[in-house]
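In: Fold the following and give me the result.
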Amino acid sequence: MWRAINGLAERNPLSFAVAYGGAKTIAADALVQRYIEGKKEFDQKRLGVFLSFGFFQVGFVQYQLYVNAFTRLFPTAAAFSAAPLSAKVRDATGLANVAKQVVLDQCVYHPLCYFPVFYTCKEIIQSENAVANPVETVRNALTAYRPNALEDLKALWSLFVPVSIIQFSVMPMHLRVPFVATAGFVWCGILSMMRGAKS
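Out: Residues are numbered from 1 along each chain as shown. Below you'll find the predicted structure:
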């Protein structure tokens, strides 16, 4: 089974990342709603927030960042990931590049892109008048994000700094997004509990 999944991800990495990102994100929210919050009926709009966010941000955007952009910024990243551990520990440039990727991911991408997009998806789907004025929608989303930013980032970093180190040091390029999305299943449950309900 692993070979079939890996082969599919290798042949169609972007499509696989988008589908996997959407499926795991909505599944995490559904499990939180049903088994942690004890809801008898799903909040359909909330599921829509997590599905759209999963397809777009977790699948598409993260693929563009982790595979396309990071490959251009760090041309030796794929070779470093494929190298044996004995070679990695002697590769100072490769280790520095892993650290740079983690910092870019956790201190630039997540605070400036990931969370603003999440809050914007939430505003678009959960707000009654969001479609009428896109500028106001984004402004409202950023206003909701601002007071939560530090708490959101601290929760994220407790899980994703170690995950990012593994992702950027050992994962082949075609598995970077599925790996982080798999670890992100736990994160999406946390995010669902913290921020899923309508504000």
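In: Would you mind listing the buried residues in the helix ranked longest in the chain?
Out: Ordering each helix of the chain by length in residues (DSSP state H) puts helix 149-170 first. Buried residues in helix 149-170, defined by neighbour count with 16 or more other CB atoms under 10 Å: D152, L153, A155, L156, F160, V163, S164, Q167, F168, S169, V170. To be clear about C-beta, it is placed using only N, CA and C from the backbone, and glycine gets the same treatment.
In: and the spatially closest residue to L153 that is not a sequence neighbour, how far is that from E37?
Out: Spatial nearest neighbour of L153, excluding adjacent residues (CB to CB, 6 or more residues apart in numbering): P111 at 5.9 Å. Distance, P111 to E37, using CB to CB, to the nearest Å: 27 Å.
In: For these two, work out which one has more neighbours and name it.
Out: Comparing P111 with E37 by other CB atoms under 10 Å, the one with more neighbours is P111, at 16 against 13.
In: Quick one: classify that one as helix, strand or coil.
Out: helix (DSSP: H, G, I helix; E, B strand; the rest coil).
In: ok, it touching R146?
Out: No - applying CB atoms under 8 Å as the test, P111 and R146 come out as separate, 11.0 Å apart.
In: List the neighbours of the helix or strand that contains I125 that are in contact with it.
Out: Using DSSP states H and E, I125 sits in helix 115-126. With CB atoms under 8 Å, 6 or more residues apart in numbering as the test, helix 115-126 has contacts from 45-46, 48-49, 52-53, 56-57, 61, 130-131, 137-138, 140-142, 144-145, 149, 152-153, 191, 195, 198-199.
In: Let's check: the centremost residue of the protein is which one?
Out: The centroid of the chain falls nearest to V58 when counting by CA atoms, centre = their mean (4.1 Å).
In: so who does the closest residue in space to that residue that isn't next to it in sequence touch?
Out: Leaving aside its chain neighbours, V58 sits nearest to G21 (3.4 Å; criterion: CB to CB, 6+ apart). For G21, the contact set (CB under 8 Å, 6+ apart) comprises G54, F55, Q57, V58, G59, F60, Q62, V177, A181.
In: Adding secondary structure and distance to A17 as columns, could you present the residues you listed in TSV?
Out: Converted to TSV, the contacts of G21 look like this (DSSP: H, G, I helix; E, B strand; the rest coil; distance: CB to CB, whole Å):
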residue	secondary structure	distance to A17
G54	helix	10
F55	helix	10
Q57	helix	11
V58	helix	8
G59	helix	5
F60	helix	7
Q62	helix	7
V177	helix	4
A181	helix	7
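In: Nothing else from me, thank you.
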